[in-house]
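Engineer: Generate coordinates for the sequence data below:
(one chain, ligands or ions: 1)
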Amino acid sequence: MATVDCDLMLRQISRIEEESFSDPWSLDSLWGAMTRDYNLIFFALGNEEKYTIYSFRGGEEITISCLETLDIDEEKRKSKPGEKLLMGYIIATDIADESELLRIAVAEKFKRLGVGKNLMQAYKNELKNHCDKFLLEVRASNIGAKTLYEQLGYKEITIRKDYYSNPKEDACIYSLELGPYYKLDGM
Ligand SMILES: CC(C)(COP(=O)(O)OP(=O)(O)OC[C@H]1O[C@@H](n2cnc3c(N)ncnc32)[C@H](O)[C@@H]1OP(=O)(O)O)[C@@H](O)C(=O)NCCC(=O)NCCS
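Structural biologist: So this is what the prediction gives:
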């Protein structure tokens, strides 16, 4: 049985979408991503003391990945002790041995605490046994996200001119390719 209230999570994702993107996904699109078999959603749920990353496919909880702890002074914490909030999420798709990151966002008050990086690692760990190639696109001006992807080994492979609208902007396409030894090593 799922330990996460999916309706509540989708409403919280919708709020983060609104604050993060100029083209936020609607609740209907989010619901579609939550229930389709070829989509995965990862949630970081908790507070600045500790949080857990859950992943779902086809509306079913498939893994509770890891309990992360954050080393933040008590007086600097913005959430109340015991409070459980959606800190960030990833929506991805995987077809055959390729996966594409469709969405990643972290709630404003939880940024720069490592949540985005941990979500990206949970995403790769979940798929590494059947995906060799991870792709994503990012606005050319999104230095924060690009820095994160580059830190995790993603390489820019091409640019799609004027790909985004509102505002019009180029997309940088990034790829992470895992070699055959990766799977054997279980890294
Ligand atoms: C991109 C995003 C998901 C990063 O999440 P995050 O939890 O804040 O990132 P992390 O704390 O895990 O950052 C890991 C590293 O990435 C880099 N990084 C993250 N945000 C950065 C920023 N704004 N500027 C520069 N580097 C940044 C840093 O190297 C950081 O390590 P450090 O904090 O030790 O310096 C978040 O900023 C976000 O939600 N942005 C809005 C939505 C978005 O742009 N999504 C990407 C669409 S392609």
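
Engineer: Which parts of the protein are strands?
Structural biologist: Here the chain has its strands, by DSSP state E, at 39-46, 50-57, 60-69, 85-95, 98-106, 133-139, 155-164, 169-177.

Engineer: now those strands in TSV, with distance to residue 4 and mean pLDDT?
Structural biologist: All C-beta spots, glycine's among them, are computed from the backbone N, C-alpha and C. Below are the strands of the chain laid out as TSV (distance: least, CB to CB, whole Å; pLDDT from 0 to 100):
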stretch	distance to residue 4	mean pLDDT
strand 39-46	7	92
strand 50-57	5	90
strand 60-69	7	76
strand 85-95	9	94
strand 98-106	18	97
strand 133-139	24	98
strand 155-164	31	98
strand 169-177	27	98
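
Engineer: Buried deepest among those strands, which one?
Structural biologist: Neighbour counts (mean count of other CB atoms under 10 Å) averaged over each of these peak at strand 39-46, with a mean of 23.

Engineer: now the strands of the chain in a markdown table, with distance to the ligand?
Structural biologist: As requested, these are exported to a markdown table (distance: least, CB to the nearest ligand atom, whole Å):
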| stretch | distance to the ligand |
| --- | --- |
| strand 39-46 | 9 |
| strand 50-57 | 11 |
| strand 60-69 | 11 |
| strand 85-95 | 6 |
| strand 98-106 | 4 |
| strand 133-139 | 4 |
| strand 155-164 | 10 |
| strand 169-177 | 9 |
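
Engineer: May I see these organised as TSV, with distance to residue 112 added?
Structural biologist: Below are the strands of the chain laid out as TSV (distance: least, CB to CB, whole Å):
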stretch	distance to residue 112
strand 39-46	14
strand 50-57	15
strand 60-69	15
strand 85-95	12
strand 98-106	9
strand 133-139	18
strand 155-164	23
strand 169-177	20
